[in-house]
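Engineer: Just a sequence and a predicted model for now, questions to come.
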Amino acid sequence: MRPDKVVWEEFSEFQAQLTFSGVENTIINSLRRTMMNEVPTLAIDLVSIEINTTIFHDEFISHRLGLIPLNSGKVDKFRFNRECECEERCEACSCIFSLDINVLEKEKLVFSTDLKNLSSEENLLGKSVVPIHNSGSEKSSFSEPILIAKLRNGQRLKLLAIAKKGIGKEHSKWSPVSIIRLENKPFFFLDLYKLEQKLNKKKKKELVEILPNLLQLDPIRETLSYKKRINDKDPYINNTSFNLIIKWLSNERIDSEEFIKIYSENNQILLKIETTGALSNKIIFKNSIEILKQKLNLIGIHLEKIQ
Amino acid sequence: MSGADEEFLDQPKLETTAESTDFSTTFVIRDEDHTLGNSLRICLNNNPKVTFCGYSVPHPLENKLHLHIQTKEISASEALKSALREVMGICDHVGATFEAAEDQYYREGGTGH
(Lines give C-alpha, C1' and ligand atoms only; values in the text may rest on other atoms or scores of the structure.)
Protein backbone atom coordinates (compact mmCIF):
# COMPACT_ATOMS: atom_id res chain seq x y z
CA MET A 1 0.00 0.00 0.00
CA ARG A 2 2.97 2.29 0.33
CA PRO A 3 3.98 3.93 -2.94
CA ASP A 4 7.23 2.68 -4.48
CA LYS A 5 7.65 5.72 -6.66
CA VAL A 6 6.42 9.29 -6.74
CA VAL A 7 7.22 11.37 -9.82
CA TRP A 8 6.75 15.15 -9.82
CA GLU A 9 6.49 17.09 -13.08
CA GLU A 10 5.98 20.83 -13.38
CA PHE A 11 4.48 22.16 -16.56
CA SER A 12 4.37 25.82 -15.58
CA GLU A 13 4.32 28.04 -12.53
CA PHE A 14 0.70 27.08 -11.89
CA GLN A 15 0.40 23.48 -13.09
CA ALA A 16 2.04 20.36 -11.78
CA GLN A 17 1.49 16.64 -11.99
CA LEU A 18 2.22 13.85 -9.56
CA THR A 19 2.44 10.19 -10.57
CA PHE A 20 2.08 7.56 -7.85
CA SER A 21 2.80 3.89 -8.46
CA GLY A 22 1.83 1.14 -6.08
CA VAL A 23 -0.76 2.85 -3.90
CA GLU A 24 -4.54 2.69 -3.82
CA ASN A 25 -6.51 5.63 -5.09
CA THR A 26 -8.46 6.01 -1.81
CA ILE A 27 -5.53 7.55 0.03
CA ILE A 28 -4.70 9.80 -2.92
CA ASN A 29 -8.35 10.86 -2.97
CA SER A 30 -8.08 11.85 0.69
CA LEU A 31 -5.03 13.96 -0.17
CA ARG A 32 -6.94 15.53 -3.05
CA ARG A 33 -9.88 16.41 -0.79
CA THR A 34 -7.50 17.86 1.81
CA MET A 35 -5.69 19.96 -0.79
CA MET A 36 -8.97 21.42 -1.97
CA ASN A 37 -10.74 21.93 1.35
CA GLU A 38 -8.38 22.08 4.28
CA VAL A 39 -5.16 23.84 3.32
CA PRO A 40 -5.43 27.36 4.80
CA THR A 41 -4.83 30.51 2.75
CA LEU A 42 -5.63 34.21 3.04
CA ALA A 43 -8.54 35.93 1.34
CA ILE A 44 -10.51 39.14 1.80
CA ASP A 45 -13.30 38.42 4.25
CA LEU A 46 -14.68 41.74 5.53
CA VAL A 47 -15.35 44.78 3.36
CA SER A 48 -16.57 48.11 4.72
CA ILE A 49 -17.72 50.35 1.89
CA GLU A 50 -17.72 54.09 2.45
CA ILE A 51 -18.74 55.39 -0.97
CA ASN A 52 -20.13 53.38 -3.87
CA THR A 53 -21.74 55.24 -6.75
CA THR A 54 -20.90 52.58 -9.36
CA ILE A 55 -23.48 50.52 -11.17
CA PHE A 56 -22.51 47.42 -9.13
CA HIS A 57 -24.13 46.90 -5.74
CA ASP A 58 -22.03 46.55 -2.58
CA GLU A 59 -22.31 42.77 -2.26
CA PHE A 60 -21.30 42.29 -5.89
CA ILE A 61 -18.02 44.16 -5.42
CA SER A 62 -17.37 42.48 -2.04
CA HIS A 63 -17.87 39.05 -3.60
CA ARG A 64 -15.40 39.82 -6.37
CA LEU A 65 -12.86 41.15 -3.86
CA GLY A 66 -13.17 37.96 -1.81
CA LEU A 67 -12.32 35.77 -4.79
CA ILE A 68 -9.02 37.53 -5.56
CA PRO A 69 -6.12 35.15 -4.71
CA LEU A 70 -3.66 36.65 -2.22
CA ASN A 71 -0.06 35.52 -1.83
CA SER A 72 -0.28 33.19 1.17
CA GLY A 73 3.34 32.09 1.46
CA LYS A 74 3.47 33.23 5.10
CA VAL A 75 -0.02 32.08 6.10
CA ASP A 76 1.43 29.71 8.76
CA LYS A 77 2.53 32.74 10.78
CA PHE A 78 -0.98 34.18 10.81
CA ARG A 79 -3.56 33.10 13.38
CA PHE A 80 -7.19 32.35 12.71
CA ASN A 81 -9.26 35.41 13.59
CA ARG A 82 -11.57 33.42 15.88
CA GLU A 83 -8.58 32.09 17.87
CA CYS A 84 -6.81 35.41 18.21
CA GLU A 85 -6.66 37.21 21.57
CA CYS A 86 -7.46 40.59 20.04
CA GLU A 87 -10.89 42.13 20.27
CA GLU A 88 -11.83 42.55 16.63
CA ARG A 89 -8.73 42.29 14.50
CA CYS A 90 -5.00 42.86 14.77
CA GLU A 91 -1.82 42.52 12.75
CA ALA A 92 -1.32 38.89 13.79
CA CYS A 93 -4.61 37.62 12.41
CA SER A 94 -5.50 39.85 9.49
CA CYS A 95 -4.24 42.20 6.80
CA ILE A 96 -5.98 45.37 5.67
CA PHE A 97 -6.29 46.80 2.15
CA SER A 98 -7.86 49.97 0.84
CA LEU A 99 -9.32 50.99 -2.50
CA ASP A 100 -10.04 54.62 -3.37
CA ILE A 101 -11.07 55.47 -6.92
CA ASN A 102 -12.41 58.80 -8.13
CA VAL A 103 -12.98 58.78 -11.87
CA LEU A 104 -12.19 62.03 -13.69
CA GLU A 105 -11.64 60.62 -17.18
CA LYS A 106 -14.35 59.09 -19.39
CA GLU A 107 -13.91 55.47 -18.27
CA LYS A 108 -11.68 53.67 -15.79
CA LEU A 109 -10.99 50.00 -15.20
CA VAL A 110 -10.31 49.04 -11.58
CA PHE A 111 -7.70 46.28 -11.32
CA SER A 112 -6.29 44.29 -8.42
CA THR A 113 -3.16 46.45 -8.67
CA ASP A 114 -5.22 49.38 -7.34
CA LEU A 115 -5.64 47.64 -3.97
CA LYS A 116 -3.27 49.28 -1.49
CA ASN A 117 -1.78 47.24 1.36
CA LEU A 118 -2.18 49.43 4.48
CA SER A 119 0.21 47.46 6.70
CA SER A 120 2.96 49.59 8.26
CA GLU A 121 6.47 49.38 6.80
CA GLU A 122 7.84 47.38 9.77
CA ASN A 123 5.10 44.76 9.47
CA LEU A 124 6.90 42.51 6.98
CA LEU A 125 4.31 39.79 7.50
CA GLY A 126 1.46 42.03 6.44
CA LYS A 127 3.45 43.56 3.61
CA SER A 128 4.04 40.13 2.06
CA VAL A 129 0.33 39.69 1.36
CA VAL A 130 -0.18 40.96 -2.17
CA PRO A 131 -2.84 39.97 -4.68
CA ILE A 132 -1.67 37.58 -7.41
CA HIS A 133 -1.95 39.93 -10.31
CA ASN A 134 -1.28 37.58 -13.17
CA SER A 135 -2.59 34.02 -13.01
CA GLY A 136 -2.16 33.31 -16.68
CA SER A 137 0.46 31.05 -18.21
CA GLU A 138 3.70 32.56 -19.49
CA LYS A 139 2.81 31.66 -23.06
CA SER A 140 -0.40 33.70 -23.18
CA SER A 141 0.03 37.16 -24.63
CA PHE A 142 -2.93 38.46 -22.65
CA SER A 143 -1.61 39.12 -19.17
CA GLU A 144 -3.41 41.78 -17.19
CA PRO A 145 -4.13 41.95 -13.49
CA ILE A 146 -7.54 40.91 -12.20
CA LEU A 147 -10.40 43.24 -13.17
CA ILE A 148 -12.62 44.27 -10.24
CA ALA A 149 -15.01 46.83 -11.77
CA LYS A 150 -15.50 49.31 -14.59
CA LEU A 151 -16.31 52.89 -13.64
CA ARG A 152 -17.55 55.88 -15.58
CA ASN A 153 -16.85 59.58 -15.26
CA GLY A 154 -17.99 60.93 -11.91
CA GLN A 155 -18.43 57.56 -10.17
CA ARG A 156 -16.60 56.89 -6.92
CA LEU A 157 -15.58 53.76 -5.04
CA LYS A 158 -14.01 53.92 -1.60
CA LEU A 159 -13.67 50.91 0.69
CA LEU A 160 -11.55 49.07 3.28
CA ALA A 161 -11.00 45.33 2.86
CA ILE A 162 -9.74 43.00 5.60
CA ALA A 163 -8.10 39.71 4.64
CA LYS A 164 -8.25 36.77 7.04
CA LYS A 165 -7.04 33.18 7.21
CA GLY A 166 -9.48 30.40 6.39
CA ILE A 167 -9.98 27.00 4.75
CA GLY A 168 -11.85 25.92 1.64
CA LYS A 169 -14.50 24.07 3.66
CA GLU A 170 -15.84 27.40 4.94
CA HIS A 171 -15.86 29.18 1.57
CA SER A 172 -14.19 28.16 -1.66
CA LYS A 173 -12.42 31.52 -1.97
CA TRP A 174 -9.94 30.12 0.55
CA SER A 175 -9.19 27.06 -1.58
CA PRO A 176 -5.62 27.23 -2.98
CA VAL A 177 -6.32 25.01 -6.00
CA SER A 178 -8.39 25.99 -8.97
CA ILE A 179 -8.60 22.52 -10.50
CA ILE A 180 -7.35 19.19 -9.21
CA ARG A 181 -7.76 15.97 -11.19
CA LEU A 182 -7.29 12.36 -10.19
CA GLU A 183 -7.13 9.65 -12.85
CA ASN A 184 -5.47 6.36 -13.73
CA LYS A 185 -2.49 6.82 -16.02
CA PRO A 186 -3.49 6.13 -19.63
CA PHE A 187 -1.32 3.96 -21.88
CA PHE A 188 -1.53 4.34 -25.66
CA PHE A 189 -1.10 1.49 -28.13
CA LEU A 190 -1.02 1.68 -31.91
CA ASP A 191 -2.42 -1.22 -33.93
CA LEU A 192 0.36 -1.21 -36.51
CA TYR A 193 -0.67 -4.30 -38.48
CA LYS A 194 -4.15 -2.91 -39.12
CA LEU A 195 -2.83 0.52 -40.03
CA GLU A 196 -0.30 -0.84 -42.54
CA GLN A 197 -2.98 -2.33 -44.71
CA LYS A 198 -4.40 1.11 -45.33
CA LEU A 199 -1.16 2.85 -46.29
CA ASN A 200 0.91 2.76 -49.48
CA LYS A 201 4.71 2.81 -49.49
CA LYS A 202 5.01 6.60 -49.63
CA LYS A 203 2.77 7.09 -46.61
CA LYS A 204 4.68 4.45 -44.66
CA LYS A 205 7.91 6.33 -45.32
CA GLU A 206 6.28 9.54 -44.09
CA LEU A 207 5.15 7.84 -40.90
CA VAL A 208 8.62 6.48 -40.19
CA GLU A 209 10.07 9.96 -40.73
CA ILE A 210 7.75 11.41 -38.10
CA LEU A 211 8.61 8.73 -35.55
CA PRO A 212 12.17 7.64 -36.25
CA ASN A 213 12.73 6.29 -32.74
CA LEU A 214 9.63 4.14 -32.70
CA LEU A 215 9.12 2.63 -36.15
CA GLN A 216 11.24 1.23 -38.93
CA LEU A 217 10.44 0.23 -42.48
CA ASP A 218 11.53 -3.11 -43.91
CA PRO A 219 12.68 -2.17 -47.45
CA ILE A 220 12.17 -5.61 -49.06
CA ARG A 221 8.79 -6.58 -47.67
CA GLU A 222 7.68 -2.96 -47.23
CA THR A 223 6.20 -3.55 -43.79
CA LEU A 224 6.30 -1.35 -40.73
CA SER A 225 7.50 -2.69 -37.42
CA TYR A 226 8.52 -1.42 -34.01
CA LYS A 227 12.20 -0.90 -33.37
CA LYS A 228 12.00 -2.23 -29.82
CA ARG A 229 9.57 -4.82 -28.53
CA ILE A 230 9.15 -5.39 -24.82
CA ASN A 231 8.73 -9.09 -23.90
CA ASP A 232 7.52 -9.78 -27.40
CA LYS A 233 4.69 -7.31 -26.97
CA ASP A 234 4.08 -4.01 -28.71
CA PRO A 235 5.56 -1.07 -26.79
CA TYR A 236 3.32 1.69 -25.52
CA ILE A 237 3.62 5.15 -27.07
CA ASN A 238 4.59 8.18 -25.02
CA ASN A 239 2.74 11.51 -25.05
CA THR A 240 4.73 13.38 -27.69
CA SER A 241 4.69 10.52 -30.20
CA PHE A 242 1.00 10.04 -29.54
CA ASN A 243 0.28 13.68 -30.38
CA LEU A 244 2.30 13.43 -33.60
CA ILE A 245 0.49 10.28 -34.71
CA ILE A 246 -2.94 11.81 -34.05
CA LYS A 247 -2.01 14.92 -36.00
CA TRP A 248 -0.69 12.93 -38.96
CA LEU A 249 -3.72 10.63 -39.02
CA SER A 250 -6.12 13.59 -39.01
CA ASN A 251 -4.17 15.20 -41.88
CA GLU A 252 -4.48 12.00 -43.88
CA ARG A 253 -8.17 11.79 -43.03
CA ILE A 254 -7.83 8.42 -41.37
CA ASP A 255 -10.08 7.64 -38.42
CA SER A 256 -7.71 7.38 -35.43
CA GLU A 257 -10.22 5.55 -33.23
CA GLU A 258 -9.81 2.36 -35.25
CA PHE A 259 -6.06 2.15 -34.75
CA ILE A 260 -5.35 3.73 -31.37
CA LYS A 261 -6.23 1.86 -28.19
CA ILE A 262 -6.11 3.45 -24.75
CA TYR A 263 -5.74 1.30 -21.65
CA SER A 264 -5.32 2.33 -18.04
CA GLU A 265 -3.50 0.40 -15.40
CA ASN A 266 -4.81 0.48 -11.86
CA ASN A 267 -1.32 0.64 -10.53
CA GLN A 268 -0.36 4.12 -11.65
CA ILE A 269 -2.33 7.16 -10.54
CA LEU A 270 -2.02 10.69 -11.89
CA LEU A 271 -2.82 13.72 -9.75
CA LYS A 272 -2.91 16.96 -11.74
CA ILE A 273 -2.88 20.14 -9.65
CA GLU A 274 -3.52 23.68 -10.88
CA THR A 275 -3.04 26.41 -8.31
CA THR A 276 -4.61 29.86 -8.15
CA GLY A 277 -1.20 31.32 -7.30
CA ALA A 278 -1.89 31.79 -3.58
CA LEU A 279 0.47 28.93 -2.73
CA SER A 280 2.94 27.01 -4.86
CA ASN A 281 2.06 23.44 -5.83
CA LYS A 282 4.79 21.89 -3.70
CA ILE A 283 3.68 23.77 -0.60
CA ILE A 284 0.07 22.71 -1.12
CA PHE A 285 1.08 19.06 -1.41
CA LYS A 286 3.37 19.12 1.62
CA ASN A 287 0.84 21.00 3.76
CA SER A 288 -1.95 18.60 2.84
CA ILE A 289 0.09 15.64 4.13
CA GLU A 290 0.73 17.47 7.42
CA ILE A 291 -2.92 18.41 7.82
CA LEU A 292 -4.11 14.85 7.16
CA LYS A 293 -1.68 13.56 9.78
CA GLN A 294 -2.90 16.15 12.29
CA LYS A 295 -6.52 15.04 11.78
CA LEU A 296 -5.57 11.38 12.34
CA ASN A 297 -3.59 12.34 15.41
CA LEU A 298 -6.55 14.20 16.89
CA ILE A 299 -8.79 11.17 16.50
CA GLY A 300 -6.13 8.96 18.11
CA ILE A 301 -5.93 11.30 21.12
CA HIS A 302 -9.69 11.30 21.60
CA LEU A 303 -9.82 7.52 21.23
CA GLU A 304 -7.36 7.20 24.12
CA LYS A 305 -9.54 9.51 26.19
CA ILE A 306 -12.70 7.42 25.98
CA GLN A 307 -10.92 4.18 26.86
CA MET B 1 -22.69 32.37 27.07
CA SER B 2 -26.04 30.63 27.29
CA GLY B 3 -26.39 27.04 28.44
CA ALA B 4 -27.03 25.81 24.91
CA ASP B 5 -23.71 27.25 23.68
CA GLU B 6 -21.76 25.57 26.45
CA GLU B 7 -23.38 22.26 25.68
CA PHE B 8 -22.43 22.62 22.02
CA LEU B 9 -18.75 23.27 22.80
CA ASP B 10 -18.57 20.29 25.14
CA GLN B 11 -19.63 17.80 22.51
CA PRO B 12 -16.84 15.26 22.10
CA LYS B 13 -14.93 14.72 18.92
CA LEU B 14 -15.25 10.95 19.12
CA GLU B 15 -17.79 8.80 20.94
CA THR B 16 -19.40 5.40 20.67
CA THR B 17 -23.11 4.71 20.36
CA ALA B 18 -25.10 3.11 23.17
CA GLU B 19 -25.44 -0.30 21.46
CA SER B 20 -21.66 -0.74 21.07
CA THR B 21 -19.77 -3.61 22.63
CA ASP B 22 -16.06 -4.31 22.75
CA PHE B 23 -16.03 -6.28 19.52
CA SER B 24 -18.75 -4.45 17.64
CA THR B 25 -18.56 -0.65 17.89
CA THR B 26 -19.96 2.31 16.01
CA PHE B 27 -17.74 5.36 16.37
CA VAL B 28 -19.38 8.75 15.90
CA ILE B 29 -16.75 11.30 14.84
CA ARG B 30 -17.64 14.99 14.64
CA ASP B 31 -16.38 17.45 12.01
CA GLU B 32 -15.09 14.75 9.69
CA ASP B 33 -16.29 13.49 6.32
CA HIS B 34 -15.33 11.15 3.50
CA THR B 35 -11.73 12.41 3.54
CA LEU B 36 -10.93 10.37 6.65
CA GLY B 37 -13.77 7.87 6.47
CA ASN B 38 -12.79 6.23 3.20
CA SER B 39 -9.05 5.95 4.02
CA LEU B 40 -9.72 4.43 7.44
CA ARG B 41 -12.23 2.01 5.98
CA ILE B 42 -9.73 0.74 3.41
CA CYS B 43 -7.02 0.20 6.03
CA LEU B 44 -9.43 -1.53 8.39
CA ASN B 45 -10.64 -3.87 5.68
CA ASN B 46 -7.05 -4.96 5.02
CA ASN B 47 -6.74 -6.05 8.66
CA PRO B 48 -7.44 -9.82 8.81
CA LYS B 49 -8.89 -9.60 12.35
CA VAL B 50 -11.64 -7.20 11.25
CA THR B 51 -14.73 -9.07 10.09
CA PHE B 52 -16.78 -6.06 9.04
CA CYS B 53 -16.08 -2.38 8.50
CA GLY B 54 -18.16 0.36 6.98
CA TYR B 55 -18.58 4.13 7.20
CA SER B 56 -21.41 6.49 6.44
CA VAL B 57 -22.32 10.15 6.64
CA PRO B 58 -25.86 9.91 8.05
CA HIS B 59 -27.01 13.34 6.81
CA PRO B 60 -25.04 15.65 4.49
CA LEU B 61 -26.08 18.75 6.43
CA GLU B 62 -24.73 17.34 9.71
CA ASN B 63 -20.96 17.16 9.98
CA LYS B 64 -20.78 13.66 11.47
CA LEU B 65 -19.17 10.39 10.45
CA HIS B 66 -20.30 6.94 11.56
CA LEU B 67 -17.62 4.26 11.45
CA HIS B 68 -18.80 0.74 12.29
CA ILE B 69 -16.22 -1.94 13.07
CA GLN B 70 -16.77 -5.61 13.93
CA THR B 71 -13.74 -7.63 14.97
CA LYS B 72 -12.66 -11.00 16.31
CA GLU B 73 -9.81 -11.58 18.80
CA ILE B 74 -8.96 -7.89 19.20
CA SER B 75 -11.18 -5.05 20.39
CA ALA B 76 -12.60 -2.61 17.86
CA SER B 77 -10.69 0.31 19.41
CA GLU B 78 -7.41 -1.59 18.92
CA ALA B 79 -8.30 -2.12 15.27
CA LEU B 80 -9.06 1.59 14.85
CA LYS B 81 -5.77 2.56 16.50
CA SER B 82 -3.74 0.36 14.20
CA ALA B 83 -5.61 1.68 11.15
CA LEU B 84 -4.87 5.26 12.22
CA ARG B 85 -1.20 4.39 12.61
CA GLU B 86 -1.12 2.76 9.20
CA VAL B 87 -2.65 5.73 7.37
CA MET B 88 -0.19 8.05 9.16
CA GLY B 89 2.60 5.75 8.02
CA ILE B 90 1.45 5.94 4.41
CA CYS B 91 1.32 9.75 4.59
CA ASP B 92 4.85 9.82 6.02
CA HIS B 93 6.07 7.49 3.31
CA VAL B 94 4.50 9.58 0.54
CA GLY B 95 6.13 12.71 1.94
CA ALA B 96 9.52 11.06 2.33
CA THR B 97 9.49 9.50 -1.16
CA PHE B 98 8.53 12.87 -2.62
CA GLU B 99 11.33 14.70 -0.80
CA ALA B 100 13.89 12.10 -1.84
CA ALA B 101 12.79 12.46 -5.46
CA GLU B 102 12.95 16.25 -5.16
CA ASP B 103 16.49 16.14 -3.72
CA GLN B 104 17.64 13.85 -6.48
CA TYR B 105 16.07 16.09 -9.12
CA TYR B 106 17.93 19.15 -7.84
CA ARG B 107 21.16 17.22 -7.35
CA GLU B 108 21.06 16.14 -10.98
CA GLY B 109 20.89 19.78 -11.93
CA GLY B 110 17.19 20.30 -12.50
CA THR B 111 15.84 23.82 -12.29
CA GLY B 112 12.39 24.18 -10.88
CA HIS B 113 9.86 26.89 -10.26
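Structural biologist: Great, that's in hand.
Engineer: Please, which helix or strand holds A:R253?
Structural biologist: Under the criterion DSSP states H and E, no helix or strand holds A:R253.
Engineer: Counting neighbours, what do you get for it?
Structural biologist: 6 (other Cβ atoms under 10 Å in any protein chain shown). Using the backbone N, CA and C atoms, a C-beta is placed for each residue, glycine as well.
Engineer: where does it sit relative to chain B, distance-wise?
Structural biologist: 40 Å (Cβ to the nearest Cβ, to the nearest Å).
Engineer: Residue of the stretch 101-250 of chain A nearest chain B, please.
Structural biologist: Nearest residue of the stretch 101-250 of chain A to chain B (Cβ to the nearest Cβ) works out as A:K169 at 8.8 Å.
Engineer: Next, count neighbours for that residue.
Structural biologist: Using other Cβ under 10 Å, the number of residues around A:K169 comes to 16.
Engineer: Need phi/psi at the closest residue to it other than its chain neighbours.
Structural biologist: The shortest distance from A:K169 to any non-neighbouring residue, by Cβ to Cβ, 6 or more residues apart in numbering or on different chains, is to A:N37 (4.7 Å). Dihedral pair for A:N37: phi -110, psi -30, per degrees, to the nearest 10.
Engineer: Might one say that A:N37 is in contact with A:G166?
Structural biologist: No: look at A:N37 against A:G166 with Cβ atoms under 8 Å: they stay out of range, at 11.0 Å.
Engineer: Strands of chain B, residue ranges please.
Structural biologist: Using DSSP state E, the strands found in chain B span residues B:14-16, B:24-30, B:50-56, B:64-71.
Engineer: ok, now chain A?
Structural biologist: Using DSSP E, strands in chain A cover A:5-10, A:15-21, A:41-52, A:94-102, A:107-111, A:116-117, A:147-152, A:156-166, A:177-190, A:215-218, A:223-226, A:260-275.
Engineer: The shortest one: partners in the sheet, and parallel or antiparallel?
Structural biologist: Strand A:116-117 has its sheet partners listed here by DSSP bridges as strand A:94-102 (antiparallel).
Engineer: Could you do the first one as well?
Structural biologist: Using DSSP bridges, the strands paired with strand A:5-10 are strand A:15-21 (antiparallel).
Engineer: Also compute the angle for the strand it pairs with relative to strand A:177-190, please.
Structural biologist: Strand A:15-21 runs at 60 degrees relative to strand A:177-190, counting by axes from the mean of the first three to the mean of the last three Cα atoms, to 10 degrees.
Engineer: Excluding chain neighbours, give the residue nearest to A:L115 in space.
Structural biologist: Nearest residue to A:L115, sequence neighbours excluded (Cβ to Cβ, 6+ apart): A:F97, at 4.7 Å.
Engineer: which residues does that neighbour bridge with?
Structural biologist: Taking DSSP bridges as the rule, A:F97 bridges to A:N117, A:A161.
Engineer: ok, so what distance separates it from A:S48?
Structural biologist: Using Cβ to Cβ, to the nearest Å, A:F97 is found at 11 Å from A:S48.
Engineer: Ok, A:L65 next?
Structural biologist: The gap separating A:L65 from A:S48 is 11 Å, by Cβ to Cβ.
Engineer: Please identify which of the two sits among more neighbours.
Structural biologist: A side-by-side neighbour count of A:L65 and A:S48, using other Cβ under 10 Å, places A:L65 first with 24 against 11.
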